[in-house]
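Colleague: next come a sequence and a model predicted from it.
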Amino acid sequence: MATTPEKKKRATYTTPKGESLFAHLVNVDYGTEQYPDEKGSFNVTLALDADAAAKLDSLIAHEVDTARAEAEEKFDGLKPQTKKKFGSVNFNEVGPEEYDREGNPTGRRLFRFKTGAFYENRQGVKVQRKVPLFDSMQQPVKLSDEPGNGSVIRVAFCCVPYFVEGQGMGGLSLYLNAVQIIRLNTSGERSASDYGFGAEEGGFTSEGMDDDVASTNAAATTRPSIPTARGSSPTATANTAIWATSTGTTTCSSAAVPKPSTTFRSRAATTRSTTTSAAATSTAKACSTMAPRISTTATRSVRRSPPK
């Protein structure tokens, strides 16, 4: 009875931290009209700076060497006319350079990780795969949308060599296993660096900003109550406070009461002025804790009698 050879268990690796680009980790990617992916896949491109890329190169160096040797062996087994056509094996290097829109190298390299979106279980049923996602504290996380460009991630992956006979081409595929999200950018967001901004030490930071704004708003919307002077009415108190505002000092009331007249034409008017002055003086003293300048200005304004 023939036996099915066991699949070779491949080693799993973890990348250094890098920037996520064009992630399809939540929704199946069927490609574009120009480059369709009919079977569907999950994939992500990881941009690494020179130092991080060198660490990843060292991590999978023996996998690359093995894939190159296998590609050369399979190329040697091609028909003579095919080998003559291609000359030698065309080996795709892992992690090509990134270029900007002007065609200049950015100093980063791009590593693409991919896995099929569907597989058949032991019962022969087609099942959609789910890419395991974890947060920075190693806790599983479910996302409703894709991580946006600029998210900082690590990728767990395994390596599988490939060879395309019709093109005389070989290489090493990086199979996506799982992703850890260190910093999440919501899909569609752009980072500060995308706009050309850089970090400035010792400047404004947003830490605790919400609390500060809340306390500021609370202070702005809470008005101190106006104490009513003994023997005077609330109306007289409001009059005094607003009169203080008209003289250029800070008020402790927002009541819209007309400014008292400063023209006196009779002894009775003078008497009323004196009564108002007493109320104003008492009120100004009560308000002095909130507006120190009210007491002096308001009192002097009320007590000043016009010449007869």
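Modeller: Noted; the coordinates are in hand.
Colleague: could you pull out the buried residues of the helix or strand hosting residue 172?
Modeller: Residue 172 is part of strand 169-183 when elements are defined by DSSP states H and E. For strand 169-183, burial by neighbour count (16 or more other CB atoms under 10 Å) applies to 169, 170, 171, 172, 173, 174, 176, 177, 178, 179, 180, 181. C-beta: built from backbone N, CA, C; applies to glycine.
Colleague: quick one: end-to-end length of stretch 124-134, please.
Modeller: End-to-end distance of stretch 124-134 (CA to CA, to the nearest Å): 29 Å.
Colleague: name the surrounding residues that touch that stretch.
Modeller: Contacts to stretch 124-134, defined as CB atoms under 8 Å, 6 or more residues apart in numbering, come from residues 25-26, 28, 42, 115-121, 140-143, 176-181.
Colleague: how about 6 Å then?
Modeller: The contact list for stretch 124-134 (CB atoms under 6 Å, 6 or more residues apart in numbering) reads 25, 42, 117, 118, 119, 120, 121, 140, 141, 178, 179, 180.
Colleague: reformat those as CSV; add pLDDT, distance to residue 158 and secondary structure.
Modeller: Output for these, formatted as CSV (pLDDT from 0 to 100; distance: CB to CB, whole Å; DSSP: H, G, I helix; E, B strand; the rest coil):
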residue, pLDDT, distance to residue 158, secondary structure
25, 97, 17, strand
42, 98, 14, strand
117, 97, 17, coil
118, 96, 18, strand
119, 94, 15, strand
120, 93, 19, strand
121, 92, 20, coil
140, 96, 20, strand
141, 95, 22, coil
178, 98, 11, strand
179, 98, 14, strand
180, 98, 16, strand
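Colleague: that older thread, list the helices and strands the strand holding residue 172 packs on?
Modeller: helix 61-76, strand 105-116, strand 152-164 (3 or more CB pairs under 6 Å, 6 or more residues apart in numbering; DSSP states H and E).
Colleague: now do the first one against strand 169-183, angle only.
Modeller: Helix 61-76 and strand 169-183 are oriented at 150 degrees to each other (axes from the mean of the first three to the mean of the last three CA atoms, to 10 degrees).
Colleague: so which strand or helix has the closest residue to residue 143 other than its chain neighbours?
Modeller: Counting by CB to CB, 6 or more residues apart in numbering, residue 26 is the residue found nearest to residue 143 once chain neighbours are left out, at 5.3 Å. Per DSSP H and E: residue 26 is located in strand 18-31.
Colleague: by how many degrees do that strand and strand 105-116 diverge?
Modeller: Using the same axes, to 10 degrees: strand 18-31 against strand 105-116 is 50 degrees.
Colleague: any buried residues in strand 18-31, and which?
Modeller: Within strand 18-31, the residues that count as buried by 16+ other CB under 10 Å are 18, 19, 20, 21, 23, 24, 25, 26, 29.
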